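1. coords please:
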Amino acid sequence: MLSWIIVLAGLGASWHYTDLESQTALYSVVFPLLFLVFAAALAIKIVVFLNPSKGRANSNNSSTGFWGDSGGSDWGGGSDGGCGGGGD
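-> Okay, here's the model as predicted:
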């Protein structure tokens, strides 16, 4: 809950102090960048909040790879025995 407050307060404060036409780099560069950082953090928090089971390891599952397989390769084939030479 505290992280939600921090992200929302940072988003609001950075929006309030952003002035793209300011001569000061703090208001025209730093605060807009902080706004983007807080906006990205908020987007990630919303995605995780709405679907918490995605992207987290489930203790009931065996470990899975990137595509949901449990290892191995989908490329088929097998070992070709190395760099075999041509026949005589």
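
2. Could you check how many residues crowd around A25?
-> When neighbours are defined as other Cβ atoms under 10 Å, A25 has 9 of them. Where C-beta positions appear, they are placed from N, C-alpha and C, glycine not excepted.

3. From L33, how far out is it?
-> 10 Å (Cβ to Cβ, to the nearest Å).

4. One more: Y27?
-> Using Cβ to Cβ, Y27 is found at 11 Å from L33.

5. more neighbours, these two?
-> Between Y27 and L33, counting by other Cβ under 10 Å, Y27 is the more crowded of the two (15 against 11).

6. ok, the more buried one touching D19?
-> Yes - when contacts are counted by Cβ atoms under 8 Å, Y27 is listed as touching D19 (4.3 Å).

7. Can you show me the CA trace of the helix or strand hosting V7 as PDB?
-> Assigned by DSSP states H and E, V7 belongs to helix 2-17. Taking C-alpha atoms only, helix 2-17 is exported to PDB below (Å, rounded to 0.1, in the frame of the first residue of the first chain):
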ATOM      1  CA  LEU A   2       2.800   2.400   0.800                       C
ATOM      2  CA  SER A   3       4.400   1.800  -2.600                       C
ATOM      3  CA  TRP A   4       1.100   2.900  -4.300                       C
ATOM      4  CA  ILE A   5       1.100   6.100  -2.300                       C
ATOM      5  CA  ILE A   6       4.800   6.800  -3.100                       C
ATOM      6  CA  VAL A   7       4.200   6.200  -6.900                       C
ATOM      7  CA  LEU A   8       1.000   8.300  -7.000                       C
ATOM      8  CA  ALA A   9       2.500  11.100  -5.000                       C
ATOM      9  CA  GLY A  10       5.700  11.100  -7.100                       C
ATOM     10  CA  LEU A  11       3.600  11.100 -10.300                       C
ATOM     11  CA  GLY A  12       1.500  14.000  -9.100                       C
ATOM     12  CA  ALA A  13       4.500  16.000  -7.800                       C
ATOM     13  CA  SER A  14       6.500  15.500 -10.900                       C
ATOM     14  CA  TRP A  15       3.500  16.500 -13.100                       C
ATOM     15  CA  HIS A  16       2.900  19.600 -10.900                       C
ATOM     16  CA  TYR A  17       6.600  20.800 -11.200                       C
END
